[in-house]
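Trainee: any chance you could fold what I've pasted below:
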Amino acid sequence: MAEWRFDAIGVPWSVATPQDLAPETREKISARIESFDRAYSRFRDDSVVTALARDPGDYLFPDDFPELISLYDRLFQATQGTINPLVGRALEHWGYDAAYRLAPQKGSPPQVPSLQSSISVSGSTLHAPRPVVLDIGAVGKGFLVDQLAELLREAGMAEYTVDGSGDIRHSGVEPERIGLEHPDHPDRVVGVASVKNQSLAASATTRRSWPGAHHILDAVTGRPTESIRASWVVADHCALADGLATALFTTPAEALEAHFSFEWVVLDGDNQLVVSRSFPGEVFQ
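Mentor: Coordinates of the predicted model:
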């Protein structure tokens, strides 16, 4: 397999294919990443999201925006509001802002606005009567993985693995064996997943943490979650796997299974592993 490694949206990526990608395919992938980052990044001054945080009004997002916001709406409903893309202002309160301050502010976090009453969407246009800080971190990286996979399919690739630093989409005859990284010890695994023509996403409070906080918030309370340490989800699409891996920090798996089809592993606050009945792999207790 040929492997193309690069950095994008702040993390390392790799794309593995049977042969080297054509230059035009690489150019399309790079252009899609830049378009995504220019629209959705909270960390660059020229993004649509940054403009939305400054001023109310109508904002045109890429053509994929209706699909993205639709998934967020489903997650919002399934988690009773604990997953909400308007959590950005609360993340800034805890120190996860464009300056990477990584130090919580004093006082209580700001209330996260209601998704339905704070914005309206028509096609790819978002209308906000007042500024809001949109953060798509719960879904975004997996969503971009799916987009790159689609570009590979358009280029005629039937076999590939797209790995966005742990958010992975696989296509091929032979399954991909993927270690489930221990949140405290990157050189160890707590299990192995066998993924074939599906996606795997992982989340952990240790991935972006600092004194007093980490990056996974309960949007109802505006505070960092406490009961789960790490999660892994296998689903058909990486955006869904990514969103559900975050949702498991706020919502029991059984409640999410009423809305979505997926398999999962959770490492709880007592360092106990809990695994779904049909998870495609094994865990090491």
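Trainee: switch to C-alpha atoms for all contacts and neighbour counts from now on
Mentor: Fine.
Trainee: so which residues of the protein form helices?
Mentor: For the chain, the helices defined by DSSP state H occupy 23-40, 48-54, 65-78, 88-93, 115-118, 140-154, 238-247, 253-257.
Trainee: what about these, which gets the closest to Gln105?
Mentor: helix 88-93 (5.5 Å; C-alpha to C-alpha).
Trainee: hmm, who's touching that closest one?
Mentor: For helix 88-93, the external contacting residues (C-alpha atoms under 8 Å, 6 or more residues apart in numbering) are 97, 104-105, 109-112, 132-135, 215, 217, 222-223.
Trainee: which one (most neighbours) among the residues you listed?
Mentor: Most neighbours among the contacts of helix 88-93, by other C-alpha atoms under 10 Å: Leu217, with 27 neighbours.
Trainee: list the residues that contact it.
Mentor: 87, 91, 223-225.
Trainee: try it again at 10 Å.
Mentor: Counting by C-alpha atoms under 10 Å, 6 or more residues apart in numbering, Leu217 makes contact with 82-84, 87-88, 90-91, 94, 138, 205, 223-226, 246-247, 249-250.
Trainee: how many residues are close by the residue nearest to Pro211 when sequence neighbours are not counted?
Mentor: Of all residues not flanking Pro211 in the chain, Ala103 sits nearest, at 7.1 Å (C-alpha to C-alpha, 6 or more residues apart in numbering). Ala103 is flanked by 16 other residues according to other C-alpha under 10 Å.
Trainee: not counting its neighbours along the chain, what's nearest Glu181?
Mentor: In space, Glu181 is closest to Val189, 4.4 Å off (C-alpha to C-alpha, 6+ apart).
Trainee: check contacts around the one you found.
Mentor: Val189 sits next to 178-183, 283-284 when contact means C-alpha under 10 Å, 6+ apart.
Trainee: try 6 Å
Mentor: With contacts defined as C-alpha atoms under 6 Å, 6 or more residues apart in numbering, Val189 is in contact with 179-182.
Trainee: pLDDT score for it?
Mentor: For Val189, the pLDDT comes out at 96.
Trainee: Ala239 versus that one, what's the distance?
Mentor: According to C-alpha to C-alpha, to the nearest Å, Val189 and Ala239 sit 23 Å apart.
Trainee: my read: Ile119 touches Pro129, true?
Mentor: No - counting by C-alpha atoms under 6 Å, Ile119 does not reach Pro129; the two are 7.3 Å apart.
Trainee: who has more neighbours out of the two?
Mentor: For Ile119 versus Pro129, the count of surrounding residues by other C-alpha under 10 Å is larger for Ile119: 18 against 13.
Trainee: circling back to that earlier point, closest to Leu68 among the contacts of Val189?
Mentor: Using C-alpha to C-alpha, these come closest to Leu68 at Leu180, 26.4 Å.
Trainee: just give me the neighbour total for the closest residue to Ala155 other than its chain neighbours.
Mentor: Leaving aside its chain neighbours, Ala155 sits nearest to Thr25 (6.8 Å; criterion: C-alpha to C-alpha, 6+ apart). Thr25: 16 surrounding residues under other C-alpha under 10 Å.
Trainee: and Thr25, how far from Leu148?
Mentor: Per C-alpha to C-alpha, Thr25 is found 10 Å from Leu148.
Trainee: how close does Ala247 get to Arg177?
Mentor: 24 Å.
Trainee: between the two, who's got more neighbours?
Mentor: Between Ala247 and Arg177, counted using other C-alpha under 10 Å, Ala247 has the larger neighbour count: 25 against 13.
Trainee: so what's that one scoring on pLDDT?
Mentor: Ala247 carries a pLDDT score of 98 in this model.
Trainee: how about Gln285?
Mentor: 73.
Trainee: mean pLDDT lowest for which of the helices of the chain?
Mentor: Mean pLDDT per stretch puts helix 115-118 lowest among the helices of the chain, at a mean of 90.
Trainee: rewinding a little: now for the helices of the chain, which one comes closest to Ser209?
Mentor: Judged by C-alpha to C-alpha, the one of the helices of the chain that comes nearest to Ser209 is helix 88-93, at 11.8 Å.
Trainee: check contacts around the spatially closest residue to Asp236 that is not a sequence neighbour.
Mentor: Counting by C-alpha to C-alpha, 6+ apart, Asp236 lies nearest to Gln198, which is 4.6 Å off, once chain neighbours are set aside. Contact analysis of Gln198 by C-alpha under 6 Å, 6+ apart lists 169-170, 235-236.
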